[in-house]
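Novice: Give me a 3D structure for the following:
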Amino acid sequence: MHHLLPLLAALPLLGAALLVVTGRHLPRAAAETTGLVFSGGTAALALVLTLNSSPPMVEWVGGWLPVDGESVGIVVVGDGPALGMAALVSLLTVAALAYSWRYFAEPPPGHPGAFTALMLVFQGAMCGFALAGDLFNAFVFFELMSVVAYALTGYRIDEARAVQGALTFGVVNSLGAYAMLMGIGLLYARTGELAMTKIGRGLDTAAAGHGGPDGLVLASFVLVLTGLLVKAAAVPFHFWLPDAHAVAPTPVCMLLSGVMVELGVYGVWRVYGTVFAGPGGIPAADLTRALVTLGTVTAAVGAVMCWYQRHIKRLLAYSTVAHTGLFLVALGVLTPEGDDGIALYVVGHAGVKAALFACAGILLDRYGSVDEHELHGRARELPGVAVMFAVGAVGLAGLPPFGTALGKGVAEEAVGGPLTVVYVAASAITAGAVLRITARVFLGLGPRPRDARSDLETSGTGERPETSGPLRRIPDTMRTVPAVLLAAAFAVGVVPAFGGLVARSVNEAGSGGAHASVRWTAHGILLGLASTALAAALAALAVTRPRWVAAPGWAVPLRRLQSGHVGDYVAWLLMGVTVLGALALPGVLGG
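Specialist: Numbers count the residues shown, from 1 in each chain. Presented below is the predicted three-dimensional model:
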């Protein structure tokens, strides 16, 4: 079955090409159906290959096999994590395309399949990145992913804010890509290889002659991880994410927060474990220090900024930043249990976050606003959407038996100690913010908020619906998709065999077959209940005492950092590169 691996990237790209060629001659329904067929076919293939990923599969595209250990071909790797990410990407793309059925008011003139074609290219790029077995082609798919996401973010090109958000996305992610490419160049200069496994062996061989890793290895590590952490929206590389989410079409937000950001975290896990984990790479203690530090800061900043947002899409975007921090902390402890927790957490989070963005899109298209203040009590007529929003909130909090709760519980067991507090606090604050939105917007609880003039530019007022006009009736697809996504996130924690399958796949790829036991524990259940109770308490305080949502003096400078100026974001990116290098430097000096 390894010969089928390249199709996971090729099928969506083929579908996009077909729509580009024939889209002008197809009715809109036919173009969107074509997109669903290609996306759904890729998802089905990804699931079949995922269930057959033991032992891992390797395919040299086009039959360009290595000769005497040397190769110029493209290698794709089909182990459990790679195929699992490809399956998650594909399933979420199907959900986004189903949600966007007859969604936009006016496709580009004469080309009703343009948006669907872009979504298929996005899917193919993400699948290709997940499967890439060499760093250069991982970079190629990384760039393709960025370019298409840039186009999708600024899809509503007639709106100035959409163009600004897309340009911010493009500039920051391009700098991350340049950093990654320079790091790959340094690795190629040292080893003469591009395949990840061969680079790892080459670094180990070179280190034997140098007495350990040197400055070149450190520089390549920092540059490659910078590119991946930009994609993961880790602090201080995260500034593009809220600006992009605020203007991107809702189906695009579902993919950006649901799976693209998580691909950055996956890339860190893959690149370190394959390239830098040996004696010629970066010592484990230094990676732990770097990722745990960045992860903790990311979780804290994301949670605080999430709490003080009134723009619902920005609020959800900062929630993604906070959970990225939790993923990085668990990844940084470098244990099989931590890897298992991340994998389950990512799957559950994808369903919950995509569903919440889908519900936010319903508010936008019904009322022309995503402002918590303006929408106060107006959505009482949408009880079904209110239930889904509340269910998504407790899913973010880690309420058992959601998949997010199982992943969070396993990760908390892995990190242990004071870091457990980070998990409880970040998940409770972000979930509390979403519950606050539910109480105010859908139930009309608490006094009507007063507008603060300083918040007007990012309030979410005066938004234009993405449909031809405010919806009188919510389409069935827009209601069904978030319900199915939440049910899937719930099933991740309920289906007994799923956790074991994920653990076996992740640890078979990372440690040669040994795998930890993934199960519900009293410790994890209690912490999940505690974070949910804390989220409910925070939401109640915010509703009854609105001043709790007004940013205090110490939080105002933090909010001002999200200035909207690309130059500021570039400066923070450069500072992040410096910090990342400083955190990894001691081990190299010691070597």
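
Novice: Just the C-alphas of stretch 294-309, formatted as CSV.
Specialist: In CSV, the C-alpha atoms belonging to stretch 294-309 read as follows (Å, rounded to 0.1, in the frame of the first residue of the first chain):
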residue,chain,number,x,y,z
LEU,A,294,8.1,28.9,25.4
GLY,A,295,5.1,26.7,26.0
THR,A,296,4.4,28.1,29.4
VAL,A,297,4.7,31.7,28.2
THR,A,298,2.5,30.9,25.2
ALA,A,299,-0.2,29.3,27.3
ALA,A,300,-0.2,32.2,29.8
VAL,A,301,-0.2,35.0,27.1
GLY,A,302,-2.8,33.2,25.0
ALA,A,303,-5.1,32.7,28.0
VAL,A,304,-4.9,36.2,29.3
MET,A,305,-5.4,37.8,25.9
CYS,A,306,-8.3,35.4,25.2
TRP,A,307,-10.1,36.5,28.3
TYR,A,308,-9.9,40.2,27.5
GLN,A,309,-11.3,40.0,23.9
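
Novice: Show me which residues of the helix or strand bottoming out on mean pLDDT in the chain are buried.
Specialist: Of all helical and strand segments in the chain, the minimum by mean pLDDT, DSSP states H and E falls on helix 556-560, at a mean of 75. For helix 556-560, the neighbour count (16 or more other C-beta atoms under 10 Å) marks Arg559 as buried. C-betas here are computed from N, CA, C, even on glycine.

Novice: which stretches of the stretch 451-591 of the chain have low pLDDT?
Specialist: Within the stretch 451-591 of the chain, the ranges that satisfy pLDDT under 70 run 451-460, 462, 510-517, 548, 550-555, 586-591.

Novice: In it, what residue spans correspond to helices?
Specialist: Listed in chain order, the helices of the stretch 451-591 of the chain (DSSP state H, counting those that start in this stretch) span residues 476-494, 496-511, 522-544, 556-560, 566-590.

Novice: And these: which comes nearest Met196?
Specialist: Closest to Met196 of the helices of the stretch 451-591 of the chain is helix 496-511 (C-beta to C-beta; 12.2 Å).

Novice: centroid residue for the chain?
Specialist: Geometric centre of the chain, nearest residue: Val261, 2.4 Å, by C-alpha atoms, centre = their mean.

Novice: That residue and Leu4, how far apart?
Specialist: 28 Å (C-beta to C-beta, to the nearest Å).

Novice: ok, back up a step: could you check the helices of the stretch 451-591 of the chain and tell me which one is nearest Met180?
Specialist: Nearest of the helices of the stretch 451-591 of the chain to Met180, taken as C-beta to C-beta: helix 566-590 at 11.6 Å.

Novice: Just the strands from this protein, written as ranges.
Specialist: Assigned by DSSP state E, the strands in the chain fall at 57-61, 74-78.

Novice: what's in contact with the last one?
Specialist: The list of residues contacting strand 74-78 from outside it, by C-beta atoms under 8 Å, 6 or more residues apart in numbering, reads 2, 5-6, 9, 49, 53, 56-62, 64, 128, 131-134, 137, 195.

Novice: redo that, cut-off 6 Å
Specialist: Under the contact criterion C-beta atoms under 6 Å, 6 or more residues apart in numbering, strand 74-78 has outside partners 5, 49, 53, 57-61, 131, 133-134, 137, 195.

Novice: And stretch 230-237, by the same measure?
Specialist: Residues outside stretch 230-237 that contact it (C-beta under 6 Å, 6+ apart): 176, 229, 241, 261, 264-265, 294, 297-298, 301, 321, 324, 572-573, 576.

Novice: on that earlier part again, could you write out the alpha-carbon coordinates of the least confident helix or strand of the chain in CSV?
Specialist: The C-alpha trace of helix 556-560 is given here as CSV (Å, rounded to 0.1, in the frame of the first residue of the first chain):
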residue,chain,number,x,y,z
VAL,A,556,-3.0,46.9,28.9
PRO,A,557,0.6,46.8,27.6
LEU,A,558,0.2,43.2,26.7
ARG,A,559,-2.8,44.1,24.6
ARG,A,560,-1.0,46.9,23.0
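
Novice: gap between it and the chain center?
Specialist: Here helix 556-560 shows a centroid-to-chain-centroid distance of 24 Å under the convention C-alpha atoms, centre = their mean, to the nearest Å.

Novice: and if you look at stretch 524-541?
Specialist: Put simply, stretch 524-541 sits 24 Å off its chain's centre (C-alpha atoms, centre = their mean).

Novice: ok, now stretch 334-341?
Specialist: With C-alpha atoms, centre = their mean as the basis, stretch 334-341 stands 18 Å off its chain's centre.

Novice: residue contacts, Gly73?
Specialist: Contacts of Gly73 (C-beta under 6 Å, 6+ apart): 60, 64.

Novice: let's go with 10 Å and repeat that
Specialist: 59-67, 134, 195 (C-beta atoms under 10 Å, 6 or more residues apart in numbering).

Novice: From Glu59, how far out is it?
Specialist: Counting by C-beta to C-beta, the gap from Gly73 to Glu59 is 10 Å.

Novice: Angles on the backbone of the closest residue to Tyr188 other than its chain neighbours, please.
Specialist: Spatial nearest neighbour of Tyr188, excluding adjacent residues (C-beta to C-beta, 6 or more residues apart in numbering): Leu194 at 6.2 Å. Main-chain dihedrals, Leu194, degrees, to the nearest 10: phi -120, psi -30.

Novice: Leu194: neighbour count?
Specialist: For Leu194, the neighbour count with other C-beta atoms under 10 Å is 21.

Novice: try Asp68
Specialist: Neighbour number of Asp68 under other C-beta under 10 Å is 5.

Novice: Tell me the confidence at it?
Specialist: Model confidence at Asp68, given as pLDDT, is 71.

Novice: cool, Val421 as well?
Specialist: pLDDT, read off for Val421, is 95.

Novice: and it, what is it in contact with?
Specialist: Counting by C-beta under 10 Å, 6+ apart, Val421 has contacts 412, 527.

Novice: let's have the chain start at 51 instead
Specialist: Sounds good: first residue 51 from here, last item Val471.

Novice: Distance-wise, check it relative to Leu394.
Specialist: Applying C-beta to C-beta to Val471 and Leu394 gives a distance of 21 Å.

Novice: I'd guessed Ala227 sits against Ser196; true?
Specialist: Yes. Using C-beta atoms under 10 Å, Ala227 is in contact with Ser196, at 6.1 Å.

Novice: overlap in contacts of the two?
Specialist: With C-beta under 10 Å, 6+ apart, Ala227 and Ser196 have common neighbours 277, 280-281.

Novice: Adding distance to Ile249, neighbour count and pLDDT, write those residues out as a markdown table.
Specialist: Formatted as a markdown table, the shared contacts of Ala227 and Ser196 follow (distance: C-beta to C-beta, whole Å; neighbours: other C-beta atoms under 10 Å; pLDDT from 0 to 100):
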| residue | distance to Ile249 | neighbour count | pLDDT |
| --- | --- | --- | --- |
| Gly277 | 16 | 29 | 95 |
| Val280 | 21 | 27 | 95 |
| Lys281 | 20 | 29 | 94 |
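
Novice: and the residue lying closest to Pro433 once chain neighbours are set aside, how many neighbours?
Specialist: Nearest residue to Pro433, sequence neighbours excluded (C-beta to C-beta, 6+ apart): Phe492, at 7.7 Å. When neighbours are counted by other C-beta under 10 Å, Phe492 registers 25.
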